[in-house]
Structures are given as C-alpha cells and as structure tokens.
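Student: coordinates only, no sequence provided:
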C-alpha cells in the first residue's frame, strides 16, 4: 500500500466516526455559543471527567487528518490546521442549520483545529522518510599515461 493511499484511508477511517457523532441528532433544542472564552470556561469547570471527555473528543475530531492528511496531500501543519478549522466550521454550521439539537460553538471549531494541528506536528517525525543510506564514494579516476 502506498503512503498516499494509507494517508487517504487513515484520514477517512479516523475522521468519519467523529463526523457521524457530531451530526447525530439529539432530542435537545439547538443552541449557539459564539463566545469561545465562555464555552471553554464552561467545559473546563464542568468537572474533570466531563472536561477530559469534551476536550479530548474535540481534540480528536480532526486528529486523524492531522496525522494522515499530509501523507496523502503535501500539507504543512498550518495548512492542516486551517483546513480542519474550515471543516469544523462547516460541521458546526450544519448542526445549527439542520436543527440537530446540538450546541453550535465557536470553541469547538478552535479546539478541533488545534487538535489537527497538534497531531500534524507530533506525527511529522513519524511521516518523515528514513535517512538515506550514503552511497560509497566514487573511485578516483586513474591517471592517464
């Protein structure tokens, strides 16, 4: 399997379950929160277990894209972060427009993008090709007589 194919498969398999969960309807009324400070403060003060679940989940949404996306497409960490922010903004907009009973929140976009960027940076060394083996030096040309 080529690196490009692995990158595409890893991106899809690692991101699709999160997308399905984000777009799964709930019986709650839809809400919107465009204040990232209030949203993050609410998550972090909701108790350690809930904070870990919420922050960990949001960091993981596009983490597979951060790890595997650069294997498929020539992307740096900033491009991965920007594309993840765009994808997350689309998902949050869909949550609101489709009235899925979820909270549409700006802090989710920021944390999703941060997770992708962090994963891209941490996986950079793993994705790097192995050091090339130096070839033996060329023999010196023999003197002409």
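Tutor: That came through fine. Every value quoted in this text rests on a predicted model; they were computed, and no experiment measured them.

Student: ranges for the helices of the chain?
Tutor: If DSSP state H is used as the criterion, the helices of the chain fall at 3-22, 36-44, 48-60, 63-72, 77-97, 106-127.

Student: looking at those, which is buried most?
Tutor: helix 63-72 (a mean of 24; mean count of other Cβ atoms under 10 Å). The way it works is simple: take the backbone N, C-alpha and C, and place the C-beta from them, glycine included.

Student: hmm, who's touching that helix?
Tutor: Contacts made with helix 63-72 from outside it, assessed by Cβ atoms under 8 Å, 6 or more residues apart in numbering, are listed as 3-11, 13-15, 75-77, 80, 83-84, 87, 115-121, 123-124, 126-127.

Student: how about stretch 134-145?
Tutor: Contact partners of stretch 134-145, identified using Cβ under 8 Å, 6+ apart, are not found; the set is empty.
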